[in-house]
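[1] Only the shape, not the letters, is given here:
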DNA sequence: CTCATTTACTAAGCAATCCTTAGTGTATCC
DNA sequence: GGATACACTAAGGATTGCTTAGTAAATGAG
């Protein structure tokens, strides 16, 4: 679904999942699109940040500005 | 400061900034540490998400859980 | 249980990308 | 003007990823 050749997609995805290799940017973008998550989600180093990105991405674009101000106001 | 050899650090950083090459994970982690930003910040595809990550990262760790719930509650 | 099929995973070499070197050009400051 | 620092690039050697070929482990049907 991400446009990876099916002949090698199983090996490649497995190498990514196990951390043997890292995908290039175009591949990451396509995987994010297929999985409906923001690209940055793949690079979150803790679960809270990962969840935050998912929740933010799930918001309607108009709501994101308000969400951002909300978090900013907390500091 | 990120532990990149000074003989080539200028060329490398310039290649990263201009999108000619992409740094490996270890280098990205070190740059994030030096710049005091979360790693995912470098991979944000829009300014709102980038700012969100900075604001979230700036919060005290105890406050992050509350921030997360706040955003979750918005959807 | 057995066989067939799908899914999970890996090594090895070719292919692609990055890192280093060497260098040019442009600010900046004395 | 000269010196120093900063910005940027091409090219090749060094490294990493992708493809191929294959084994192993689940899963499902009969």
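    Received it, and whenever you're ready, just let me know what you need. Given the structure is predicted, the values throughout are model-derived calculations rather than measurements.

[2] Which pLDDT does the model give residue A:19?
    Looking at residue A:19, its pLDDT is 96.

[3] What is the burial count for the residue lying closest to residue A:58 once chain neighbours are set aside?
    Among residues not flanking residue A:58 along the chain, residue B:75 sits closest, at 5.4 Å (CB to CB, 6 or more residues apart in numbering or on different chains). No exception for glycine: its C-beta is placed from N, CA and C like everyone else's. As a burial measure, residue B:75 scores 11 neighbours (other CB atoms under 10 Å in any protein chain shown).

[4] my read: residue B:75 touches residue A:64, true?
    No - with contact defined as CB atoms under 8 Å, residue B:75 does not reach residue A:64; the gap is 11.1 Å.

[5] what about residue A:32, distance to DNA strand C?
    For residue A:32, the distance to DNA strand C equals 18 Å [CB to the nearest atom of the strand, to the nearest Å].

[6] which phi and psi does that residue have?
    Backbone torsions of residue A:32, given as degrees, to the nearest 10, read phi -60, psi -40.

[7] Look up how far chain B lies from it.
    To chain B, residue A:32 is 9 Å away according to CB to the nearest CB, to the nearest Å.

[8] tell me the contacts of the nearest residue to that residue once chain neighbours are set aside?
    Spatial nearest neighbour of residue A:32, chain neighbours left out: residue A:39 (4.5 Å); criterion: CB to CB, 6+ apart. Neighbouring residues of residue A:39 by CB atoms under 8 Å, 6 or more residues apart in numbering or on different chains: A:28-29, A:32, B:43-45.
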